[in-house]
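> coordinates for the following, if possible.
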Amino acid sequence: MNSPALFDRFERIFIVSLPERKDRRREMTEQLKKVGLANDPRVQFFDAVRPTDRGRFGSVGANGCFSSHLQILQKSAGSSVLILEDDCDFTDAVRTASLPDDFDIFYGGYLEASDPSNLNDSNIIGSHFMGFNAASAQKAADYLNGLLADKIEHDPRAVKDPTYDPQILPPIDGAYVWFRRAHPELNTIFAEPQVAVQRPSRTDIGDQKFYDRIPVLRGAADWARRLKRELR
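Purely as a prediction, here's the structure:
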């Protein structure tokens, strides 16, 4: 099976995944087969960073996700790159989606937008399908490094968020929003309809629900999520 033309726009494709989450890797492999990417040499699983503490982020998971995206962007210097998170499910729209030649950043999907009628200026939650051309990947890496080194001031529009804390760095999806606001010249494309959704799955970023912390209940919760996914 040939992969959809959309994927031809990226020289490297990384899937952020913790090695111990074999369930997610198995499900993600199924998704790759679905679009003809299972044996594509451009595709590789990236062992997600697992910090020992939350650092300056809201959680250990947010720290790890930010660091993982940053390392991938750095590894991709000089190449266009697609970053997938391992709870990404492709929709049928992925088969016919396309990108203009002058794209810089591509959102294949998102969980929530503060203003769905104006995605480019919205606060966006979700980073499970993020594409960058070679130049914007380098700029994004520089920006994220600047945030970590306190060389970049926090975006003043972030204070509109009632949860904003100037002492805490944004999670990766928030950091991408700030990056785009700092570089309005970049051409950001949002897939409409979305080409990927986030699969219901036990989180590694935020606080887990009680049924995910108790082994005897975890299996039932995972089964319920699979059922929800199939019904969707």
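
> burial of the residue nearest to Asp102 when sequence neighbours are not counted, as a residue count?
Nearest-residue entry for Asp102: Asn187, 5.5 Å, with adjacent residues in sequence omitted and distances by C-beta to C-beta, 6 or more residues apart in numbering. (Each C-beta comes from the backbone N, C-alpha and C, glycine too.) For Asn187, the count of nearby residues is 14 (other C-beta atoms under 10 Å).

> Asn120 now?
By other C-beta under 10 Å, neighbour count at Asn120 equals 15.

> beta partners of the nearest residue to it once chain neighbours are set aside?
Of all residues not flanking Asn120 in the chain, Thr188 sits nearest, at 5.7 Å (C-beta to C-beta, 6+ apart). When assigned by DSSP bridges, Thr188 has beta-bridge partners Ile105.

> neighbours of Thr188, how many?
By other C-beta under 10 Å, 17 other residues sit near Thr188.

> domains in this structure, by residue range?
Using automatic domain parsing, the domain parsing of the chain gives 5-199, 207-232.

> and Gly64, how far from Val16?
For Gly64, the distance to Val16 equals 9 Å [C-beta to C-beta, to the nearest Å].

> quick one: which of those two has more around it?
Taking neighbours as other C-beta under 10 Å, Gly64 and Val16 compare with Val16 leading, 27 against 22.

> just to revisit the earlier point, okay, and the common contacts of Gly64 and Val16?
Ala48 (C-beta atoms under 8 Å, 6 or more residues apart in numbering).
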